[in-house]
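Asks: Got a sequence here, can you model it:
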Amino acid sequence: MDERLQHLIDHAERVLTRLELVLPHAPRAPDWNASIAFRYRRRGGNAHLEPVKHVSTIRLADLKEIDAQMERLRRNTEQFVSGRPANNVLLTGARGTGKSSLIKACLHEFSERGLRLIEIDKIDLIELPDLVELVAHRPERFVVFCDDLSFDEGEPGYKALKSVLDGSVAATSENLLVYATSNRRHLLPEYMKENLTYTHTDDGEVHPGEVVEEKISLSERFGLWISFYPFSQQEYLAIVAQWLRTFGVDEATIALALKPSLVWALERGSRSGRVAYQFARDWAGRDHESDEALTPSPDAPAPDGLDHV
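Replies: From the prediction side, this is the model:
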């Protein structure tokens, strides 16, 4: 063989070897017995599922004031692990109201029946079809969990998500569902200028513009929508009390904590379940030998908005 040709072949092989190190690869299968939850991770050109060593311990019994939402997600997950038809789920609404916690609690509820959770960031959703293929022949039932999901203009991940949810020529495997949380129901931003694509006929019929239809279509591919709403004051106090009990606080101390918990919420500008949990951690960690100094006197004027508690 000509020496120059051989040199060219050798050089091409070295280039291809380097390219293989940086080009995307399909995710590697993990040790499925290592955990009940996994994270999708990509480092360089290599993707893998990383077992979660310390899985959140939250249970359905820990969650208060979202009974209707809990029942709907629990029923859907029960159908799924039982091998019956079930829907992909979009949980939307007010921040800190338990959307993500409810999914994690369902994992513990059904893990002994083969439920597994795979957490994936939205930037990796473009790899979702490869993930579907990886688990397609496994006996477990997988929930792909994407937290705080929303897309900006031009992000590619939502196209892959649409195909997996409902739209690819290949059917999604029966052992995988997508559970996503978001603070907004329509997952792509919508702008006033897009309404200009609406047209009117002489008889008054309105034809929606294609841009708006495209943006709404992603949310509609989730078969089940579960909405969460801001908590009332009494609901917030019930959640505070529940978290304090979880941290081992006695009932007498819980009673002393209620007014301070409302002050805490006013300072944070929110009565969410997340704020209640953060207060409970703070309160449970205090030295309550000095509770009298920490708690307002019964004769002291209550802060604005607390006088009816």
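
Asks: So which bits of stretch 127-139 are buried?
Replies: When neighbours are counted by 16 or more other C-beta atoms under 10 Å, the buried residues of stretch 127-139 are found to be 127-132, 134-135. (Glycine included, C-beta is placed from N, CA and C.)

Asks: all strands for the stretch 101-250 of the chain, in order.
Replies: Along the stretch 101-250 of the chain, counting by DSSP state E, counting those that start in this stretch, strands occupy 115-119, 141-146, 176-182, 199-200, 206-207, 224-228.

Asks: could the buried residues of stretch 127-139 be laid out in TSV, adding distance to residue 30 and pLDDT?
Replies: TSV is the format used below for the buried residues of stretch 127-139 (distance: C-beta to C-beta, whole Å; pLDDT from 0 to 100):
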residue	distance to residue 30	pLDDT
127	15	82
128	17	83
129	18	83
130	14	85
131	12	86
132	16	86
134	9	89
135	11	90
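
Asks: any idea how far residue 252 lies from residue 263?
Replies: Distance from residue 252 to residue 263, counting by C-beta to C-beta, to the nearest Å: 19 Å.

Asks: can you check residue 271 too?
Replies: Residue 271 sits 12 Å away from residue 263 when distances are taken as C-beta to C-beta.

Asks: Mind checking which of these two has more residues around it?
Replies: Higher neighbour count among residue 271 and residue 263: residue 271, with 25 against 15, using other C-beta atoms under 10 Å.

Asks: That one reaches residue 264, doesn't it?
Replies: No: the criterion here is C-beta atoms under 8 Å, and residue 271 misses it with residue 264 at 9.7 Å.

Asks: Pull out the buried residues from stretch 52-64.
Replies: So, applying 16+ other C-beta under 10 Å, buried residues of stretch 52-64: 52, 55, 58, 60, 62-64.

Asks: Tabulate these in TSV, adding columns for distance to residue 286.
Replies: Formatted as TSV, the buried residues of stretch 52-64 follow (distance: C-beta to C-beta, whole Å):
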residue	distance to residue 286
52	31
55	28
58	23
60	28
62	21
63	24
64	22
